[in-house]
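*Asks:* Sequence first, predicted model second:
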Amino acid sequence: MQVIPAIDLLDGHCVRLHQGDYDQVTRFSDDPVAQALSWQQQGAQRLHLVDLDGARSGQPVNDAAVKAITANLTIPVQLGGGVRTAARAEELLACGLDRVILGTVALEQPELVDELAARHPGRIVVGIDAKDGKVATRGWIEASSTEATQLAQRFAASGIAAIISTDIATDGTLAGPNLDALRAMAEASAVPVIASGGIGTLEHLLSLLSLAPLGVEGVIVGRALYDGRVVLAEALQAIGDGRLQDPSSASMLA
């Protein structure tokens, strides 16, 4: 299972939000490129960027930081946040990103996701952010009546690379992933699922291994890495390629 460090960008800085609340911001670094290089040097095989300004306003405030990161890294970099038009997705893919993540537009214009996935095989990801099982959009500011699993099913045959499943209630809390929600998402679609939200300990990562056979292939980790609660090298040993535990023993440890 891939462990993917997250860098959340707000006005050019690396930050984390608590449960998606823009009024609860913790700043971790003023140098996104240095932070990205650090994760690469520590063994990360992929980096996850979130443009928080883009998610909230739809405006590309952090493009300079994004371009600098992709120019300096050799590992794949993916980005979500404010990608709401085909032109914006194309622009991001052209500036060195490996994948772009569509969230709000996946709910509001699903046919656009289909079109982009056909045009860019393996490079389009759908981000499904949910609270109490319902999809939230526009930087988690707006709630919808659509079930997260229903949206996942919509893209089962669209050719997208993955679904990033974020549980808003656990994001930034370090309290552990919502395993029931992840299981439901993985069972709703044959598309690989990447877990996001709530990771606070190595045991939380190990608990995800029981979902790997269902198609949960990766996990995004943010605050726990910055706080030092999870060490990336140890996380990679625990659940990455050539991990020390097999799924059955990891389940017992968790």
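*Replies:* Perfect, I can see it now.
*Asks:* what's the neighbour count on the residue lying closest to Val191 once chain neighbours are set aside?
*Replies:* What sits nearest to Val191 in space, not counting adjacent residues and going by CB to CB, 6 or more residues apart in numbering, is Ile163, at 5.2 Å. Heads up, the C-betas are built off the backbone N, CA and C, glycines and all. By the measure other CB atoms under 10 Å, the count of residues near Ile163 is 26.
*Asks:* State the distance from Ile163 to Asp31.
*Replies:* 31 Å (CB to CB, to the nearest Å).
*Asks:* other SSEs contacting the helix or strand containing Val105?
*Replies:* Applying DSSP states H and E as the criterion places Val105 in helix 104-108. Packed against helix 104-108 by the contact rule (3 or more CB pairs under 8 Å, 6 or more residues apart in numbering; DSSP states H and E) you find helix 110-119, strand 124-131, strand 134-137.
*Asks:* now with 10 Å?
*Replies:* helix 86-94, helix 110-119, strand 124-131, strand 134-137, strand 142-147, helix 148-154 (3 or more CB pairs under 10 Å, 6 or more residues apart in numbering; DSSP states H and E).
*Asks:* I'd like the ones you listed as TSV, with distance to Asp227 and mean neighbour count appended.
*Replies:* Listed next are those as TSV, based on distance: least, CB to CB, whole Å; neighbours: other CB atoms under 10 Å:
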stretch	distance to Asp227	mean neighbour count
helix 86-94	29	16
helix 110-119	34	16
strand 124-131	22	26
strand 134-137	25	21
strand 142-147	29	14
helix 148-154	28	20
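*Asks:* Any chance of TSV for those, columns distance to Ala55?
*Replies:* Below are those laid out as TSV (distance: least, CB to CB, whole Å):
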stretch	distance to Ala55
helix 86-94	12
helix 110-119	17
strand 124-131	9
strand 134-137	9
strand 142-147	11
helix 148-154	17
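*Asks:* Dump the ones you listed into JSON lines; add mean pLDDT and distance to Gly103 as well.
*Replies:* Output for the helices and strands packed on helix 104-108, formatted as JSON lines (pLDDT from 0 to 100; distance: least, CB to CB, whole Å):
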{"stretch": "helix 86-94", "mean pLDDT": "95", "distance to Gly103": "12"}
{"stretch": "helix 110-119", "mean pLDDT": "97", "distance to Gly103": "10"}
{"stretch": "strand 124-131", "mean pLDDT": "94", "distance to Gly103": "4"}
{"stretch": "strand 134-137", "mean pLDDT": "87", "distance to Gly103": "6"}
{"stretch": "strand 142-147", "mean pLDDT": "84", "distance to Gly103": "11"}
{"stretch": "helix 148-154", "mean pLDDT": "96", "distance to Gly103": "10"}
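*Asks:* Out of the ones you listed, which gets nearest to Pro192?
*Replies:* strand 124-131 (9.5 Å; CB to CB).
*Asks:* for stretch 58-68, what is the average pLDDT?
*Replies:* The average pLDDT within stretch 58-68 is 89.
*Asks:* In that stretch, which residues are buried?
*Replies:* Residues of stretch 58-68 classed as buried by neighbour count (16 or more other CB atoms under 10 Å): 58, 60-63, 65-66.
*Asks:* in what helix or strand does Ala238 lie?
*Replies:* helix 232-239.
*Asks:* So what touches that helix?
*Replies:* 1-3, 5, 38-39, 41-45, 199, 202-209, 212, 218-219, 221, 224-225, 230-231, 240, 242-245, 247, 250, 253 (CB atoms under 10 Å, 6 or more residues apart in numbering).
*Asks:* I'm done for today, thanks for sticking with me.
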